[in-house]
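>>> Sequence unavailable; structure follows:
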């Protein structure tokens, strides 16, 4: 807490390391830098709730959104159930984010509902890692569920370096109809359109009141370059902070 401000990290991955692909571990080691993220894990590669809680406390993080992921093509299957002990340890600091993949979950809306009933406060879709379009008709039931529950939808936007990814599904333009069809749902573009789509993501965030940009994985010093065509003071009102932990 800084002068009454709650500091939120909106993008935290804390899976059991036995559930991730080797490329995930390579990514974590490369982008964590000197950050001691492995201090939050035991010798078996399982997150220790007390250690993760203490690590984020030391970093001044008051709230952290924990991401599961069902992307066997790219990063592996990281079940939401594995995150429950962390939330149970400190339900004030930690919150769950649901994740569904139409190639795995059927009916996909039923799985989203199951995870929301477990306490998830948002739904994350990862079209790039999952290999699907976020505009698939089947996903409309997920968006309708989120509208009914009043929870936001977070979508990976932009590129990914993981083998097995399908970058074309990271184009924010794929969401044009969805954003307009569900004006009461807040859509958060994770990574802000990273790569070729910064302009598209930023334009949507400024023109649509239900669109936001998550800055996870983006170096702050590069933001003026990435969004050079926009008024940063105005665009900053549409930003959501995230580190993509353990990448920082």
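Cool, the structure landed. Since the structure is predicted, the reported quantities are computational estimates derived from the model, not experimental observations. Numbers count the residues shown, from 1 in each chain.

>>> Can you show me the strands along the chain?
Taking DSSP state E as the criterion, the chain contains strands spanning 8-12, 63-67, 69-71, 76-78, 94-99, 123-125, 153-158, 187-194, 211-214, 239-240.

>>> and the fifth one with strand 63-67, angle?
The reference is to strand 94-99. 30 degrees (axes from the mean of the first three to the mean of the last three CA atoms, to 10 degrees).

>>> What is the neighbour count of the residue nearest to residue 23 when sequence neighbours are not counted?
Nearest residue to residue 23, sequence neighbours excluded (CB to CB, 6 or more residues apart in numbering): residue 162, at 5.1 Å. Placement of C-beta: from N, CA and C, glycine included. Using other CB atoms under 10 Å, the number of residues around residue 162 comes to 18.

>>> got a list of what residue 162 touches?
Residues in contact with residue 162 (CB atoms under 8 Å, 6 or more residues apart in numbering) are 21, 23, 24, 27, 74, 75, 129.

>>> Now pLDDT too, for those, in TSV please.
Shown next, in TSV, are these (pLDDT from 0 to 100):
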residue	pLDDT
21	97
23	97
24	97
27	96
74	98
75	98
129	98
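
>>> from those residues, which two are the most distant?
Farthest pair in the contacts of residue 162 (CB to CB) is 27 and 129. Separation: 11.8 Å.

>>> Who has more neighbours out of the two?
Neighbour totals were compared for residue 27 and residue 129, and residue 129 leads with 25 against 21 (other CB under 10 Å).

>>> From residue 237, how far off is the more buried one?
Distance of residue 129 to residue 237, given as CB to CB, to the nearest Å: 29 Å.

>>> List the neighbours of the helix or strand of the chain with the lowest mean pLDDT that are in contact with it.
Least confident helix or strand, the chain: strand 8-12 with a mean of 88, by mean pLDDT, DSSP states H and E. Residues outside strand 8-12 that contact it (CB under 8 Å, 6+ apart) are 56, 61-67, 188, 190, 214, 216-217, 240-245.

>>> What angle do strand 63-67 and it make with each other?
Here the directions of strand 8-12 and strand 63-67 differ by 10 degrees (the same axes, to 10 degrees).

>>> Check which residues of strand 8-12 are buried.
9, 10, 11, 12 (16 or more other CB atoms under 10 Å).

>>> same deal with stretch 72-79?
Buried residues in stretch 72-79, counted by 16+ other CB under 10 Å: 72, 73, 74, 75, 76, 77, 78.

>>> if you skip the residues just before and after it, what's nearest to the second one?
Spatial nearest neighbour of residue 73, chain neighbours left out: residue 164 (3.8 Å); criterion: CB to CB, 6+ apart.

>>> Same check on the fourth one?
Beyond its immediate neighbours in the sequence, the residue positioned closest to residue 75 (CB to CB, 6+ apart) is residue 24, lying 4.9 Å away.

>>> For that neighbour, which residues are in contact?
By CB under 8 Å, 6+ apart, the neighbours of residue 24 are 15, 75, 76, 162.

>>> ok, now with 10 Å
13, 15, 17, 69, 71, 74, 75, 76, 78, 162, 246 (CB atoms under 10 Å, 6 or more residues apart in numbering).

>>> any low-confidence regions in this protein?
Residue ranges of the chain with pLDDT under 70: 1-4.

>>> what's the distance between the residue nearest the centre of it and residue 203?
Among the residues of the chain, the one closest to the centroid is residue 11, at 5.1 Å (CA atoms, centre = their mean). Per CB to CB, residue 11 is found 22 Å from residue 203.

>>> Pull out the buried positions in stretch 133-144.
Buried residues in stretch 133-144, counted by 16+ other CB under 10 Å: 133, 134, 135, 136, 139, 142, 143.

>>> List of residues touching it?
Under CB under 10 Å, 6+ apart, the answer for stretch 133-144 is 98, 100, 102, 105-113, 123, 125-128, 132, 153, 155-157, 166, 168-179, 181-182, 185, 187.

>>> List only those of those residues flagged as buried.
Buried, going by 16+ other CB under 10 Å: 98, 100, 102, 105, 108-109, 111-113, 123, 125-128, 132, 153, 155-157, 166, 169-172, 174-175, 178-179, 182, 185, 187, out of these.

>>> Nothing else from me, thank you.
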